[in-house]
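S.K.: model this:
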Amino acid sequence: MHCYVINLPTATKRFERTKRELELYCPNLTWSVPKIWVASKMTDSDVSVVYDSKRAWRLHEYELSKGEIACALSHQSALREFLATDDGCCLIIEDDVVFSPAIGRFLVGIEKWLSKYANNPIGIVLSEAYQVRYWASRTLFDEFRLTHPIKSCGAIAYVVNRSGAKLILSANAVPITTTSDHWTFYRKCGLDFMGIDKLLAGSSDFGRGDSSLSKGRQDMHDKMMVRYMAIPLWRRKMRAVYYKARQIWWLLTGVDRTGEKRSNDRLYLKEQRREVVDG
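M.R.: Numbers count the residues shown, from 1 in each chain. Alright, predicted model coming up:
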């Protein structure tokens, strides 16, 4: 299996740290950096070509910041480079990744497992989900079991097969309308989106403030609120009732919501980690 690392050219310290994570926990994995889109170098005209703001709002009532647009396009670069190879699946990570010591043997096992389902579009998120229903559909191998997250945010680390990569690129074709990690949207488009009951990846940014991608989100949120308030009041009330009913249903059906407090506390075999110090 090959690994694609999403890393800005200027983030050299993060890149060196990620290299050490890979060397320490995935010594048999080959890796490379795909073509990266840099938000600071994108003009407004560039954004208008690669991002469909009106359709994004119509689909999700959500606007992407320039950083999120660049990140999504960088992930798509990785997927296209993967599809240009003969590999059956790949690992895509961001440069703030923190691995569980179990990641190496998981990757060996999941590559064999995915080979049985080459025609099924599958994406397996290895990092933390916000709302997780721990219903394991099947045993994978060793101690690993699949889960079906209701909602998951983050693309710190995920494995995708060829069919899954094609589906993601098709569902979010340029001009894009959503983020690289809108897994619930991709599920609606046909992706068999899964998680692992034992978290195998976290973020070195947890507990140290927001990542660099988050810097433009507050301004974007303020702009979205102006647009949201223009929605008729009756429609906003209906949405509020729907979301409240959904939260009650999740509560009654035993959804684990601890992932809302994003941290690495639940990283599998965390106590066995040898910490990688920033360069």
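
S.K.: Low-confidence ranges, the chain, go.
M.R.: Scanning the chain for pLDDT under 70 picks out the ranges 129-139, 153, 206-224, 226-227, 256-262, 277-279.

S.K.: where do the helices sit along the protein?
M.R.: With DSSP state H as the criterion, the chain has helices at 12-25, 44-50, 53-60, 66-83, 103-114, 162-171, 183-188, 217-229, 233-252.

S.K.: Using CSV, list the CA coordinates for the third one.
M.R.: Coordinates of the C-alpha atoms in helix 53-60 are reproduced here as CSV (Å, rounded to 0.1, in the frame of the first residue of the first chain):
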residue,chain,number,x,y,z
SER,A,53,-20.6,28.4,-3.9
LYS,A,54,-24.3,28.5,-4.9
ARG,A,55,-24.5,24.7,-5.3
ALA,A,56,-22.6,24.2,-2.1
TRP,A,57,-25.2,26.3,-0.2
ARG,A,58,-28.1,24.5,-2.0
LEU,A,59,-26.8,21.1,-1.1
HIS,A,60,-25.5,21.7,2.5
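
S.K.: name the helices or strands packed onto that helix?
M.R.: Using 3 or more CB pairs under 8 Å, 6 or more residues apart in numbering; DSSP states H and E as the contact criterion, no helix or strand is in contact with helix 53-60. Bear in mind the C-beta positions are built from the backbone N, C-alpha and C, glycine included.

S.K.: quick one: contacts of that helix?
M.R.: Contact with helix 53-60 is made by Tyr62, Glu63, Leu64, Pro175, Ile176, Thr177, Thr178, His182, Phe185, Arg227, as judged by CB atoms under 8 Å, 6 or more residues apart in numbering.

S.K.: about what we covered before: Serialize the helices of the chain to a markdown table and add fields for mean neighbour count and distance to Asp205.
M.R.: As requested, these are exported to a markdown table (neighbours: other CB atoms under 10 Å; distance: least, CB to CB, whole Å):
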| stretch | mean neighbour count | distance to Asp205 |
| --- | --- | --- |
| helix 12-25 | 18 | 10 |
| helix 44-50 | 12 | 25 |
| helix 53-60 | 13 | 24 |
| helix 66-83 | 21 | 14 |
| helix 103-114 | 18 | 18 |
| helix 162-171 | 20 | 24 |
| helix 183-188 | 18 | 20 |
| helix 217-229 | 12 | 14 |
| helix 233-252 | 11 | 27 |
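
S.K.: Export those helices as a markdown table, with columns for distance to Val33.
M.R.: Formatted as a markdown table, the helices of the chain follow (distance: least, CB to CB, whole Å):
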| stretch | distance to Val33 |
| --- | --- |
| helix 12-25 | 8 |
| helix 44-50 | 20 |
| helix 53-60 | 27 |
| helix 66-83 | 9 |
| helix 103-114 | 19 |
| helix 162-171 | 17 |
| helix 183-188 | 23 |
| helix 217-229 | 24 |
| helix 233-252 | 38 |
